[in-house]
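Undergrad: only the shape, not the letters, is given here:
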Ligand SMILES: Nc1nc2c(c(=O)[nH]1)N[C@H]1C(S)=C(S)[C@@H](COP(=O)(O)O)O[C@H]1N2
Ligand SMILES: [Mo]
């Protein structure tokens with residue numbers, strides 16, 4: 001691992017801010033104390049959590065401000081190499097069979113939140129509903145923040161621990177955490193879990209996402225990518 005990859009994400013954000021001329025880039029450090037302790041105080045599972053900033057608590061990351069969509073406005077488009085393009089409402093997602101997960105969230109910069117409760121729809125259920133055309137090998141994701149992107153190979157996207165989430169931490173996903181709907185890719189570092197998810201596009205090839213263009217691994221397996229040795233999420 002070279003020294004560039006070893007730099008914490010905060011440093012990269014500062015660098016990116018220079019590149020983009022300060023266009024709406026925010027890092028959680030400033031608000032982490034408030035948000036972290038709020039989350040701690042409402043942690044639904046009676047876990048004893050540290051009130052120290054950064055310990056076992058989420059940091060809020062955004063590269064493009066905090067976009068807002070109500071659950072009634074919300075639309076998720078499913079396009080590309082599919083038999084039937086879809087536009088799913090929030091209610092459409094609630095009406096599909098739910099998947100519940102209780103798994104850690106690990107950022108590549110080192111912080112990890114253990115045993116987070118997630119609820120949503122398996123991404124593979126949405127893909128199956130649209131129908132995958134031959135020639136497809138990847139799934140691209142867009143955010144209604146207008147800037148952040150991500151992608152997975154089709155086989156990664158078909159895992160049962162990859163969900164289009166509408167609940168985390170025991171309730172609706174807050175605006176800061178990417179509500180009303182975000183992706184949660186359990187086996188991979190947090191940058192795969194795109195917030196404010198607005199588009200799913202089935203494609204013939206993976207396209208590196210926002211952070212991957214800035215040096216992070218496209219295959220973001222926890223513990224075996226980015227030169228890190230974290231314990232994978234089981
Ligand atoms: N749209 C969007 N999604 C995003 C990010 C972002 O900046 N914008 N940051 C990613 C990174 S690096 C992490 S670790 C997690 C952080 O999730 P949180 O802000 O809910 O803690 O969101 C990921 N998804
Ligand atoms: Mo991250």
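TA: Nice, I can see it. Remember, it's a predicted structure, so these values are computed and weren't measured experimentally. Residues are numbered from 1 along each chain as shown. Ligands and ions are numbered 1, 2, ... in the order given.
Undergrad: could you use CA atoms for every contact and neighbour count after this?
TA: Fine.
Undergrad: now do the same for the most centrally placed residue in the chain: its pLDDT.
TA: Centre of the chain computed as the mean C-alpha position; nearest residue by Cα atoms, centre = their mean is residue 193, 1.4 Å away. Note for residue 193: predicted pLDDT of 98.
Undergrad: my guess is it meets residue 187, correct?
TA: No - in this structure, residue 193 is not within contact of residue 187 by Cα atoms under 8 Å, at 10.3 Å.
Undergrad: contacting residues for the residue nearest to the centre of the chain?
TA: Contacts here follow Cα atoms under 8 Å, 6 or more residues apart in numbering; on that basis residue 193 touches 182, 183, 184, 185.
Undergrad: and if you look at residue 210?
TA: 147, 148, 149, 150.
Undergrad: neighbours around the second one, how many?
TA: If I follow you right, that is residue 148. By the criterion of other Cα atoms under 10 Å, residue 148 has 20 neighbours.
Undergrad: do you know how far the residue lying closest to it once chain neighbours are set aside is from ligand 2?
TA: The shortest distance from residue 148 to any residue that is not its chain neighbour, by Cα to Cα, 6 or more residues apart in numbering, is 5.5 Å, and that residue is residue 210. When distances are taken as Cα to the ion, to the nearest Å, residue 210 and ligand 2 turn out to be 11 Å apart.
Undergrad: reformat the contacts of residue 210 as a markdown table; add distance to ligand 1, pLDDT and secondary structure.
TA: As requested, the contacts of residue 210 are exported to a markdown table (distance: Cα to the nearest ligand atom, whole Å; pLDDT from 0 to 100; DSSP: H, G, I helix; E, B strand; the rest coil):
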| residue | distance to ligand 1 | pLDDT | secondary structure |
| --- | --- | --- | --- |
| 147 | 7 | 97 | coil |
| 148 | 5 | 98 | coil |
| 149 | 7 | 98 | strand |
| 150 | 9 | 98 | strand |
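Undergrad: from those, which would you call buried?
TA: Applying a neighbour-count criterion of 16 or more other Cα atoms under 10 Å, the buried members of the contacts of residue 210 are 148, 149, 150.
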